[in-house]
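here are the coordinates; sequence isn't available:
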């Protein structure tokens, strides 16, 4: 059974007079959300230290370690003794609090209460705040994709030694690992036995050394050739490593986002064999990871698990030896040293921009653990609202001074400002789409609704049409040369619930719309309907759809389950019932330009096309009494049955009572041959005016049967019927 066919079938944007169901009134359209206003303080602000300050998007939190000449934390400082400047401009302190970790750290081990703090959204913020109060939160993060087996063993041995010998009652430690996915081995806890089991569970495996970290380039004027290893052909190494680097940085970003809900300072000990950037392609990912860490008050402490190594001329036994003149001139040795240094630049950036420290060239990782504990012994958490309202995404330099004799101050050096969509780079825009698709919560800046159905095109192949409706009132159009233009991105991802949520289908389209003044006026009064579709096999799926207006950057997502029934060859089966109020000629228009990111499937027509016309699904299933209702469905017959003999009729129910019905009709189209793998079917397209039906909510049932035979099946759908806008207004005034 084919459960993983991922083909883009069709993608259109319906415009002009038939761009939306005419049943929709302007009152039903979602209103355009106002432009985001700068965050301002109000009289209802929380008091400093109440733990709800994260509700303010523009609040900047800086953890400040203040030590005396003896290296010990300086406590009991007042807010008035602190001065904060951002890009040289003084800032007004809004929140001020001291985290006295040393108090619990010096407590007796018997006094330590067992604590477990989950990662992710916090349901009871005040309870969690009390639990982590004056505790030191540390994350042991193991990048399994960049470590050799001996490096992983060295890192886990160091982790076990830390848990056994250095963890104090004040320490809450979590263990995470990144392999083919991000895994939370154990959340924050002070249970040493549980932490030991978590670290011991990490072993070298197939996820280690996901990408070759070697660089085969030689010096200018010299040739360095990597010898053939006999491996199968793969994509360009540079492109693969870009993807691999983005995955590593995205994992760090995800960890930071999970830690954001927890108050106070967090330290991430990142164990790995380096992260190599291949150029500008990874800059957006690096910035996103740094930005997420700063927003979550996470300081990153990268540890290079390769330790202190001497480069072997020509390469070690784990790498293919180079050939060419570079091998004899020393360029290969220089290349090896350069490659290692390049893999450390990213780690140094992550550490420096988040207030942490990188550790290289050491076989003993105790120094890193000592530094994390020392930096988290006691600190002041200081918050302020930035006076700079520009959302340009630029780096902002932060300086903290303390008016105390002999005080030494350490803090993160700054942060990246929020960034408006208008100054996004191409990488930023792709990152925005990726984050929206990965987010657990829906995005609602761009209102949209979605309608799906299913129609069989083969024994184990089902066509799933996708219809998404966007409210025009929520869109922003650019005016160019007397025309109105808009660009939309549409993404669809379908995951197979029966196979652990693995991807089963994907769709990606970028569509540009250019309208003259008259057409634009019509569009503004209605909605835009996007049509696409994928082919899947029977099974249980999870579907997520995303739309983005590229003028404003607003994003809307929609997620729902999708159940596709398996074929029952001995029974009469029906497809979904598709309801519509409009038919469109199958033609191309110069108003719409489509750029598909996935190659179209080799299908000339879809089940929604018949007689040169395409049925446009009603997404909201709301109609008016002045419209005509089109109902489309298919019937699939078992072997030896004749689909031409089938007849179908409709029965309408309102408030549970049968109110009307239609006579039985013949199929609109029949495929009795079922050539190849295609099903033998009868297609029904029934049209009826709605003017004689009373407004209200209806259930329509399609009954399909074989007169004089044993075949029978039915399907149901729901819709709402309203008066036309003018009639409704007159009735209200009367």
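Now that the structure is in, tell me what you want to look at. Quantities reported herein were computed from a predicted structural model and do not represent experimental measurements.

low-confidence ranges in the stretch 401-550 of the chain?
Applying pLDDT under 70 to the stretch 401-550 of the chain flags residues 473, 480-481, 522-526.

need the strands for it, in chain order.
If DSSP state E, counting those that start in this stretch is used as the criterion, the strands of the stretch 401-550 of the chain fall at 408-410, 414-416, 448-452, 455-458, 461-471, 478-480, 483-496, 502-515, 527-536, 539-549.

Serialize the ones you listed to TSV and add fields for distance to residue 426 and mean neighbour count.
Every C-beta, even on glycine, is put in place using the N, C-alpha and C of the backbone. Putting the strands of the stretch 401-550 of the chain into TSV (distance: least, Cβ to Cβ, whole Å; neighbours: other Cβ atoms under 10 Å) gives the following:
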stretch	distance to residue 426	mean neighbour count
strand 408-410	37	14
strand 414-416	18	19
strand 448-452	24	20
strand 455-458	36	19
strand 461-471	23	23
strand 478-480	18	10
strand 483-496	12	20
strand 502-515	12	19
strand 527-536	23	24
strand 539-549	14	21
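
the ones you listed: which one's closest to residue 396?
Nearest to residue 396 among the strands of the stretch 401-550 of the chain is strand 414-416 (5.2 Å), distances taken as Cβ to Cβ.

what helices or strands is that closest one leaning on?
Here strand 414-416 is seen to pack against helix 283-295, strand 395-402 when contacts are counted using 3 or more Cβ pairs under 8 Å, 6 or more residues apart in numbering; DSSP states H and E.

quick check: which of those is buried the most?
Of these, the one with the most neighbours on average (mean count of other Cβ atoms under 10 Å) is helix 283-295, at a mean of 22.

now do that one: which elements does it pack against?
Helix 283-295 is packed against helix 237-259, strand 298-304, helix 331-354, strand 414-416, helix 426-438, with contacts defined by 3+ Cβ pairs under 8 Å, 6+ apart.

tell me the most buried of those?
Comparing the helices and strands packed on helix 283-295 by mean neighbour count (mean count of other Cβ under 10 Å), strand 298-304 comes out on top with a mean of 26.

for it, give the mean pLDDT please.
Strand 298-304 shows a mean pLDDT of 91 in the predicted model.

still on that earlier bit, want to throw the helices and strands packed on helix 283-295 into a markdown table with distance to residue 529?
As requested, those are arranged in a markdown table below (distance: least, Cβ to Cβ, whole Å):
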| stretch | distance to residue 529 |
| --- | --- |
| helix 237-259 | 33 |
| strand 298-304 | 43 |
| helix 331-354 | 44 |
| strand 414-416 | 38 |
| helix 426-438 | 21 |
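
per-residue pLDDT of residue 242, please?
Looking at residue 242, its pLDDT reads 47.

that older thread, any chance of the strands of the stretch 401-550 of the chain in a markdown table with distance to residue 121 as columns?
Below are these laid out as a markdown table (distance: least, Cβ to Cβ, whole Å):
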| stretch | distance to residue 121 |
| --- | --- |
| strand 408-410 | 31 |
| strand 414-416 | 23 |
| strand 448-452 | 24 |
| strand 455-458 | 39 |
| strand 461-471 | 28 |
| strand 478-480 | 37 |
| strand 483-496 | 21 |
| strand 502-515 | 25 |
| strand 527-536 | 31 |
| strand 539-549 | 19 |
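
right, and those strands - which one's nearest residue 298?
strand 414-416 (11.9 Å).

partner strands of that closest one, with direction?
Within its sheet, strand 414-416 is paired with strand 395-402 (antiparallel), according to DSSP bridges.

okay, and for this structure, where does confidence drop off?
Applying pLDDT under 70 to the chain picks out residues 1-58, 104-113, 204-243, 276-282, 308-343, 473, 480-481, 522-526, 587-604, 726-734.

and it, what are its domains?
For the chain, automatic domain parsing gives the domain ranges 12-33+445-733, 53-228+248-395+406-416.

settle this for me: residue 444 is touching residue 556, isn't it.
Yes. Residue 444 lies in contact with residue 556 (Cβ atoms under 8 Å); the separation is 6.3 Å.

these two: which is more packed in?
residue 556 (23 against 14; other Cβ atoms under 10 Å).

name the element that one belongs to?
Assigned by DSSP states H and E, residue 556 falls within strand 555-564.

before we move on, back to that, take the domains of the chain and lay them out in TSV including distance to residue 427.
TSV is the format used below for the domains of the chain (distance: least, Cβ to Cβ, whole Å):
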stretch	distance to residue 427
domain 12-33+445-733	14
domain 53-228+248-395+406-416	3
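
among those, which is nearest residue 436?
Comparison of those against residue 436 by Cβ to Cβ identifies domain 12-33+445-733 as nearest, at 5.0 Å.

gap between that closest one and the chain center?
Remark: domain 12-33+445-733 is offset 26 Å from the chain centroid, using Cα atoms, centre = their mean, to the nearest Å.

which residue is the nearest non-sequential neighbour of the most centrally placed residue in the chain?
The structure's the chain has its C-alpha centroid closest to residue 438; by Cα atoms, centre = their mean the separation is 2.0 Å. If the residues on either side of it in the chain are set aside, residue 438 comes closest to residue 254, at 7.9 Å by Cβ to Cβ, 6 or more residues apart in numbering.

for the closest residue to residue 248 other than its chain neighbours, what are its contacts?
The shortest distance from residue 248 to any residue other than its chain neighbours is 5.3 Å, reached at residue 275 (Cβ to Cβ, 6+ apart). The contact partners of residue 275, taken as Cβ atoms under 8 Å, 6 or more residues apart in numbering, are 146, 245, 248, 249, 343, 346, 347.

separation between residue 275 and residue 554?
The span separating residue 275 from residue 554 equals 33 Å under the rule Cβ to Cβ, to the nearest Å.

what does residue 370 give?
In this structure, residue 370 and residue 554 are separated by 48 Å, where distance is defined by Cβ to Cβ.

what's the answer for residue 610, then?
Relative to residue 554, and taking Cβ to Cβ, residue 610 is found at 36 Å.

one step back: give me the distance between the residue nearest to residue 248 and residue 143.
For residue 275, the distance to residue 143 equals 8 Å [Cβ to Cβ].

what do these two both touch?
residue 248.

distance check, the residue nearest to residue 248 against residue 245.
Applying Cβ to Cβ, one obtains 6 Å for the distance of residue 275 from residue 245.

quick check: neighbours shared by those two?
Here residue 275 and residue 245 share the contacting residues residue 346, scored by Cβ under 8 Å, 6+ apart.

any idea how far residue 627 lies from residue 530?
In this view, residue 627 and residue 530 are 21 Å apart by Cβ to Cβ.

looking at residue 610 and residue 554, which is more packed in?
Comparing residue 610 with residue 554 by neighbour count (other Cβ under 10 Å), the higher total belongs to residue 554, at 20 against 17.

give the contact list for the more buried one.
Applying Cβ under 8 Å, 6+ apart as the definition, the contact partners of residue 554 turn out to be 33, 445, 446, 474, 548.

taking these, please make a ChimeraX selection of just the buried ones.
Typed into ChimeraX, the next command selects the buried ones out of the contacts of residue 554 (criterion: 16 or more other Cβ atoms under 10 Å):
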select :445,446,474,548
